[in-house]
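J.: sharing a model prediction with you, sequence too.
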Amino acid sequence: MLKQILEIKDILDGMVTGNDVADYLRERGAKSVIITPIDGEQGHTDFLKIQINGTMGKSVGGDEPTLGIIGRLGGIGARPNRIGIVSDADGAIAALAVALKLVEMQERGDKLRGDVIICTHICPNAPILPHKPVPLMNSPVDMEMLNKYEVSQEMDAILSVDATKGNIILNNRGIAITQTVLNGYILPVSQELLELESYCTGMLPVVLPICQYDITPYGNGLSHINSIVQPSVAANVPVVGVAITAQSTVPGCATGSCQETDIRDAAVFCVEVAKSFTKETDLFYNKTEYNRCIELYGEFTHFKRSE
């Protein structure tokens, strides 16, 4: 996977467009790449949607579930204020490397059972957002627009990959996963996903703590660690954040701060989840326990509302 990480990072390190990335993926064998250019109040970005069809996925009339992998970020660059690829680009690098890896796996005969949909966006000149303890990257479009083009209704579960280094909550370099978020509930951390995390890193699994504020929509006046679980606002399926973390506090707009081996761990984890995600598994949460919780305490979908 490190090979794919290096290739994608090299492509993204410049004034690149969504068309440039899409053309590269198509040259490497990707069959379905959709580009959606969007102009927002703070600039332009290109949304990418890559679909990798499984042997028994819904795209071919099968009944295996579809995994969504979202590379969540504000932008891959902060030009003209910063020259070069920024820390915030980690999510896009990881997601696109996963797409490239899955395409190569298919060409070599290793096909997954279910479909995989990978979404992210390409913006090399996104604005910088003042924030404590360090500045973050903003997006040229608002969170509602990000969710609109990155959360697909075909997804049956979502991994949201995001650089999560601008905080003093988790002081560990590598990756961490969040609890599963589903329709306003913060569910227990999946034991199966913790095992996969440990297998992929060769270390003990790490969990990024999130709170109720984090699963509410942006712009409501509440603090959010970042946008890692914001797809849960727009989705009715389980969402797990895959955070790329640091021991020190790193600004999202910092250049020279993309750690390729850490991004590799996140991307490999996503691929391994895709291999394991079938209709026979409760990979993201215990469905029986969740249904019991709904019976006892009711729906929590009101936490997905902005007002």
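T.: Looks like it arrived, so ask away. Bear in mind that the values here come from a model prediction, so they are computed numbers and not experimental data. Numbers count the residues shown, from 1 in each chain.

J.: count of neighbours near residue 278?
T.: Counted with other Cβ atoms under 10 Å, residues neighbouring residue 278 total 14. Every residue, glycine included, has its C-beta placed from N, CA and C.

J.: so it, which of the three states?
T.: Following DSSP: H, G, I helix; E, B strand; the rest coil, residue 278 is assigned to coil.

J.: any idea how far residue 273 is from residue 65?
T.: The gap separating residue 65 from residue 273 is 12 Å, by Cβ to Cβ, to the nearest Å.

J.: cool, residue 256 as well?
T.: Applying Cβ to Cβ to residue 256 and residue 273 gives a distance of 30 Å.

J.: and the helices in the stretch 101-250 of the chain?
T.: Ranges of helices in the stretch 101-250 of the chain, per DSSP state H, counting those that start in this stretch, are 143-150, 191-201, 231-234.

J.: is residue 29 in a helix, a strand, or coil?
T.: Assigned by three-state DSSP, the conformation of residue 29 is coil.

J.: pLDDT value on it, please?
T.: Per-residue pLDDT puts residue 29 at 95.

J.: circling back to that earlier point, who's more crowded, residue 256 and residue 273?
T.: Taking neighbours as other Cβ under 10 Å, residue 256 and residue 273 compare with residue 273 leading, 26 against 9.

J.: show me what whichever helix or strand that one is part of is in contact with.
T.: Here residue 273 sits within helix 260-276, counting by DSSP states H and E. Outside of helix 260-276, the residues within contact range by Cβ atoms under 8 Å, 6 or more residues apart in numbering are 1-2, 4-6, 9, 67, 69, 90, 93-95, 97-98, 101-102, 112, 114, 116, 159, 161, 173-175, 177, 192-193, 196-197, 199-201, 242, 244-245, 283.

J.: cool, stretch 168-177 as well?
T.: Residues outside stretch 168-177 that contact it (Cβ under 8 Å, 6+ apart): 133, 164, 189-190, 193-194, 197, 201, 203, 205-209, 225, 240-249, 259, 262, 265-266, 269.

J.: now the helix holding residue 273 against helix 191-201, angle please.
T.: Interaxial angle of helix 260-276 relative to helix 191-201 (axes from the mean of the first three to the mean of the last three Cα atoms, to 10 degrees): 140 degrees.

J.: after helix 260-276 comes which helix or strand?
T.: With secondary structure assigned by DSSP H and E, helix 260-276 is succeeded by helix 287-297.

J.: the strands in the chain, which residues?
T.: Counting by DSSP state E, the chain has strands at residues 32-40, 43-52, 67-71, 116-122, 128-129, 136-137, 157-163, 174-177, 181-182, 185-186, 239-245.

J.: any idea how far the fourth one is from the chain center?
T.: In this view, strand 116-122 has its centroid 8 Å away from the chain centroid, taken as Cα atoms, centre = their mean, to the nearest Å.

J.: burial measure for residue 12, as a count.
T.: Using other Cβ under 10 Å, the number of residues around residue 12 comes to 20.
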